[in-house]
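In: Here is the input, now give the coordinates:
(one chain, ligands or ions: 2)
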Amino acid sequence: MAGQPVPVPVKGLEDKILCIKDLEEAASKKLPKIIREFFNDGSTDQVTIHENHTAYNKYRIRARVLVDVAKADTSTTLWGRRITFPLCVSPAGMQAAAHPDGELATSRACAKKGVNQGISSFSNYSTADVRAAGLSVGPIDHAMQMYTLKDRALALRMIREAEARGCKAIFLTADSPVLGVRYNEHRNDFRTPKGLGFPNFGWTSEMIRAQEHGNTFVALNDDGHSWAREIPWLRSVTGMEIWIKGVVTAEDTLMAVQMGCEGIVVSNHGGRQLDGVPATIDALPECVEAAAGRIRVHIDGGIRSGTEMFKALALGAECCWVGRPALWGLAYDGQKGVEIMLDTFYIEFKRCMQLAGCNSVKDITKACLGVVRPDGPLARL
Ligand SMILES: Cc1cc2nc3c(=O)[nH]c(=O)nc-3n(C[C@H](O)[C@H](O)[C@H](O)COP(=O)(O)O)c2cc1C
Ligand SMILES: CC(C)CC(=O)C(=O)O
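Out: Residues are numbered from 1 along each chain as shown. Ligands and ions are numbered 1, 2, ... in the order given. Have a look, this model is predicted:
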């Protein structure tokens with residue numbers, strides 16, 4: 001991707017997409033209200049979804065100058081393979097509601113741009129098809145996202161399929177024993193659009209539309225889940241890496257370490273589950289400290305620019321993931337839209353590294369950041 005120009009508008013579309021905010025606006029105009037609000041909103045009072053993004057503003061970059069950054073290298077390693085830069089696409093379900101090609105288009109775009117993807121349990125395409133779509137373009141690794149399901153036989157089928165297709169990890173979404181309260185779904189009587197199925201569960205469109213969205217979660221997810229129930233069982237049935245997605249505390253990071261997990265994604269589900277939990281960038285430092293280098297720590301939630309990626313890395317995340325930006329890319333222009341999204345982040349991240357005086361991802365450390373205090377000088381971390 002090196003040397004690419006500033007993102008340009010897609011031919012035939014009038015919007016000039018220069019940043020993720022532009023993409024959000026252009027995509028939102030194209031989406032029907034029910035889908036737009038389902039994608040864009042958070043739960044109840046929208047506090048966490050708002051802070052996920054705004055909390056980045058308190059940090060400033062302590063840029064170093066007169067550093068030769070002509071050969072700045074944005075790449076990093078994930079699952080033993082170099083990726084273009086430390087950004088991957090989070091497992092967000094129902095992507096065919098954004099564009100008919102849904103997760104297939106996302107997979108192709110990720111492979112083309114050299115990053116990885118999480119496959120949602122609620123993908124509208126099967127794990128086999130999503131893997132094949134990406135691999136037809138180039139190398140790509142996938143994590144299979146799973147909930148803590150009541151039905152062990154179903155969970156096992158999904159695990160076996162993920163293994164057979166070569167997924168590298170299970171992302172066990174731990175923040176969803178029940179569905180978060182999202183007013184838009186009630187106000188709009190949200191239903192999965194006609195024609196979309198959830199093949200990972202073996203559910204057709206007709207089966208899904210017969211039930212209310214919230215009831216799907218009640219039927220599937222286990223509100224009696226626990227560390228002791230989930231992790232030893234997962235470990236006993238699969239050799240894939242086990243990552244916990246949805247951690248926002250040091251305590252749960254330590255549990256993940258003690259349970260022998262390979263990694264965590266510091267995540268609050270994009271502010272869609274419990275409103276009032278901290279912004280992920282605010283939860284990150286205590287999780288990084290608790291992990292103490294023993295397991296991988298990644299982050300998602302509210303990341304909308306390369307500068308915010310830089311800040312998350314400086315605070316100790318090894319890699320960032322984004323959910324809605326991929327959905328906006330899809331809604332804007334399918335695979336091409338997701339590519340525009342990835343290019344935008346890439347260009348911003350590389351330029352931020354260079355302007356901050358960093359030549360590699362390893363150069364991005366706590367020393368690169370300061371925190372704004374109301375009435376004082378910038379405080380070093
Ligand atoms: C429409 C939508 C569907 C999602 N579906 C899932 C899902 O099926 N499983 C899951 O673990 N997370 C799901 N997420 C959460 C994402 O994986 C991710 O944590 C979140 O979107 C990151 O925040 P961001 O959208 O602000 O980047 C979903 C998010 C959105 C917006
Ligand atoms: C795609 C959905 C069924 C899942 C969801 O809304 C979520 O996990 O936030």
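In: if I look at residue 255, how far off is residue 263?
Out: Distance of residue 255 to residue 263, computed by Cβ to Cβ, to the nearest Å: 13 Å. Backbone N, C-alpha and C define where each C-beta goes, glycine included.
In: The closest residue to ligand 2 within the chain - how many residues pack around it?
Out: Using Cβ to the nearest ligand atom, the closest approach of the chain to ligand 2 is made by residue 93 at 2.6 Å. Residue 93 has 21 neighbouring residues, counting by other Cβ atoms under 10 Å.
In: same question, residue 276
Out: By the measure other Cβ under 10 Å, the count of residues near residue 276 is 12.
In: Next up, the contacts around it.
Out: When contacts are counted by Cβ atoms under 8 Å, 6 or more residues apart in numbering, residue 276 touches 45, 47-48.
In: tell me, how many neighbours does the nearest residue in space to residue 151 that is not next to it in sequence end up with?
Out: Leaving out its chain neighbours, the residue that sits closest to residue 151 by Cβ to Cβ, 6 or more residues apart in numbering is residue 220, at 7.4 Å. Per other Cβ under 10 Å, the neighbour tally for residue 220 reads 21.
In: which residues touch residue 220?
Out: Shown in contact with residue 220 (Cβ under 8 Å, 6+ apart): 147, 149-151, 201.
In: Relative to residue 203, how far out is it?
Out: Using Cβ to Cβ, we find residue 220 at a distance of 10 Å from residue 203.
In: Do you have the helices of the stretch 201-350 of the chain handy? List them.
Out: Assignment of helices within the stretch 201-350 of the chain using DSSP state H, counting those that start in this stretch yields the ranges 205-209, 213-220, 227-237, 250-258, 280-291, 306-314, 324-356.
In: Need the pLDDT of the closest residue to residue 302 other than its chain neighbours.
Out: Computed as Cβ to Cβ, 6+ apart, the closest residue to residue 302 that is not its neighbour in sequence is residue 52, at 2.8 Å. On the pLDDT scale, residue 52 is placed at 98.
In: sorry, back to before: kindly reformat the contacts of residue 220 as TSV containing secondary structure.
Out: Shown next, in TSV, are these (DSSP: H, G, I helix; E, B strand; the rest coil):
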residue	secondary structure
147	strand
149	strand
150	coil
151	coil
201	coil
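In: Please list only the buried members of these.
Out: Among the contacts of residue 220, those classed as buried by 16 or more other Cβ atoms under 10 Å are 147, 149, 201.
In: List the residues that contact the first one.
Out: Spelled out, that is residue 147. Residue 147 neighbours (Cβ under 8 Å, 6+ apart): 121, 172-173, 176, 220-222.
In: Just list whatever residues bridge to it.
Out: Legend: beta-bridge partners of residue 147 under DSSP bridges are residue 173.
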